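Make a model of this:
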Amino acid sequence: MKKGIVFGGQSYEHEISIVSAITLKENTKQEFEYIFCDENRNFFLIEPKNMKATYFSKGEYKKAKSLVLKSGGFYTEGVFGKKLQSEVYINLIHGSDGEDGKIAALFEFYSINFIGPRLEISALSFNKILTKYLAENVGVLTLKWESLTKNSKNLNLPLPVILKPSRLGSSIGIAIVKDSAQLDYALDSTFEYDDLVLVEPYVEGIKEYNLAGCKIGGKIKFSIIEEPKKEKILDFEQKYLSFSGNSKVKEAIVSDEIRLKLQNAFTRIYNAGFDGALIRCDFFEKDGEIYLNEINPNPGSLAYYLFDDFENTLNALANSLPKTRKIPISYNYINSISVNK
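Take a look at the predicted model:
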């Protein structure tokens, strides 16, 4: 089954998405069609040989074939425009456009098969505040938290805390505040990215575990459990520049009890509406309890590095996508009105 990768988008994480697509190309044997969405939301068909970071940073992609989105897929523009071969598209746009539901809405509107979160769950999981309510609703623990806006900066949680833009991923814009003298500056910096900020306690040395997975044939397929290496926090550089050149990840050494708790928490989150997506959940472990840190609905490079059999998993997921209900339109009602007049 031919697959296309859609990447880029109007997002703070635009460049990360490019790195993800290139990394996926270099670490799989599949021949994808590459669809780039530029900052103006124009689509271009990128030749595999041009999947290099400088091709995009220098604007050379503008010479590529322009694409339009229509019923069933992407088409080249022009009188003799042709439909691309892909039967399934992978949503690999990180952040806004990709994870907030815009692309999902377009794909669903045009009846396009795609791997990625659907519209409703995208809107929930893109917002870190709403994610907390989602976790609570399915019985998954989270650390204590509160939200701040530019008009309401009164902090109730005791220091130290960590500040996160509510609608931004990839560890962009986060800050650790250990004393009150740092708070105003840290808040101003975080508000540069979002007008809604999530505040959580910063726990020194807390255990962190990452787990990815998807549903295939009605059953969750789990990746290995990763314990990410980090300094104080898992920042952008550690998250993305490291994995882009490293396809090997060692499985974390955890007890059977912790493994089952992680998988149970993941399953509860996934079953909240992520059918058709391959997601990664980042968890904390404290005193034997598992807490959701965040959901990555479109994880970097689709978290291929966490699967021993990634390509088989991807192929199986492509064949297990949720079916879209097609509503029949008959015009019986309008016809009945016309007859009675």
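
Where does the prediction get shaky in the stretch 151-300 of the chain?
Applying pLDDT under 70 to the stretch 151-300 of the chain flags the ranges 169-170, 230-248.

Tell me where it has helices.
Along the stretch 151-300 of the chain, counting by DSSP state H, counting those that start in this stretch, helices occupy 180-191, 236, 256-270.

what about the strands in the stretch 201-341 of the chain?
207-216, 219-226, 279-286, 289-296 (DSSP state E, counting those that start in this stretch).

Which of those sits closest to Thr190?
strand 289-296 (15.5 Å; CB to CB). C-betas here are computed from N, CA, C, even on glycine.

chain center to that closest one: distance?
Mean-position distance between strand 289-296 and its chain equals 15 Å (CA atoms, centre = their mean, to the nearest Å).

ok, back up a step: could you dump the strands of the stretch 201-341 of the chain to CSV with distance to Leu196 and mean neighbour count?
Formatted as CSV, those follow (distance: least, CB to CB, whole Å; neighbours: other CB atoms under 10 Å):
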stretch, distance to Leu196, mean neighbour count
strand 207-216, 24, 21
strand 219-226, 29, 18
strand 279-286, 20, 20
strand 289-296, 15, 20
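
Make CSV from the ones you listed and add distance to Asp184 to it.
Below are the strands of the stretch 201-341 of the chain laid out as CSV (distance: least, CB to CB, whole Å):
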stretch, distance to Asp184
strand 207-216, 28
strand 219-226, 36
strand 279-286, 27
strand 289-296, 25
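
Tell me which of those strands lies nearest to Ser57.
So among the strands of the stretch 201-341 of the chain, strand 289-296 is nearest, using CB to CB, at 24.6 Å.

Just the angle for that closest one relative to strand 207-216, thanks.
Interaxial angle of strand 289-296 relative to strand 207-216 (axes from the mean of the first three to the mean of the last three CA atoms, to 10 degrees): 60 degrees.

contacting residues for the residue lying closest to Ile225 once chain neighbours are set aside?
Residue nearest to Ile225 in three dimensions, not counting chain neighbours: Ala252, with 4.6 Å by CB to CB, 6 or more residues apart in numbering. Contact partners of Ala252, counting by CB atoms under 8 Å, 6 or more residues apart in numbering, are 209, 224-227.

likewise Glu285?
206-209, 258, 262, 291.

How is this structure divided into domains?
3-116, 124-140+205-318, 146-201 (automatic domain parsing).

can you tell which of these is closest to Ser336?
Judging the domains of the chain by CB to CB, what sits closest to Ser336 is domain 3-116, at 28.4 Å.

what distance separates the start and the end of that closest one?
13 Å (CA to CA, to the nearest Å).

How far away from the center of its chain is that domain?
On CA atoms, centre = their mean, the centre of domain 3-116 falls 15 Å from the chain's centre.

quick one on the thing from earlier: tell me how far the residue nearest to Ile225 lies from Leu262.
9 Å (CB to CB, to the nearest Å).

list residues touching both of those two?
209, 225.

before we move on, the earlier item: for Ser338, which of the domains of the chain is the nearest?
domain 3-116 (28.4 Å).

Excluding chain neighbours, give the residue nearest to Phe56 in space.
Here the residue nearest Phe56, using CB to CB, 6+ apart, is Ile18, at 5.4 Å.

ok, that neighbour - contacts?
7-8, 36, 53, 56.

List the buried residues in stretch 56-71.
56, 61, 64, 67, 69 (16 or more other CB atoms under 10 Å).

Report the secondary structure state of the last one.
Secondary structure state of Leu69, per DSSP: H, G, I helix; E, B strand; the rest coil, is strand.

Would you mind measuring from it to Lys83?
11 Å.

what does the first one give?
Per CB to CB, Phe56 is found 24 Å from Lys83.

Kindly report the same for Leu130.
36 Å.

just to revisit the earlier point, out of the strands of the stretch 201-341 of the chain, which gets nearest to Asn40?
strand 289-296 (26.2 Å).

Now do that closest one: which elements does it pack against?
helix 128-138, helix 256-270, strand 279-286 (3 or more CB pairs under 8 Å, 6 or more residues apart in numbering; DSSP states H and E).

Relative to Lys229, how far out is the residue nearest to Ile225?
11 Å.

what separates stretch 191-207 from the chain centre, distance-wise?
The answer for stretch 191-207 is 19 Å, by CA atoms, centre = their mean.

tell me how far the ends of it are from each other?
OK, stretch 191-207 end separation, CA to CA: 28 Å.

quick one: contacts of it?
Contacts of stretch 191-207 (CB under 8 Å, 6+ apart): 12, 127-129, 132, 143-150, 155, 157-158, 160-168, 172-173, 176-178, 187, 190, 227, 284-286.

Take these and keep only those in strands.
146-149, 161-165, 176-177, 284-286 (DSSP state E).

Done for today, thanks.
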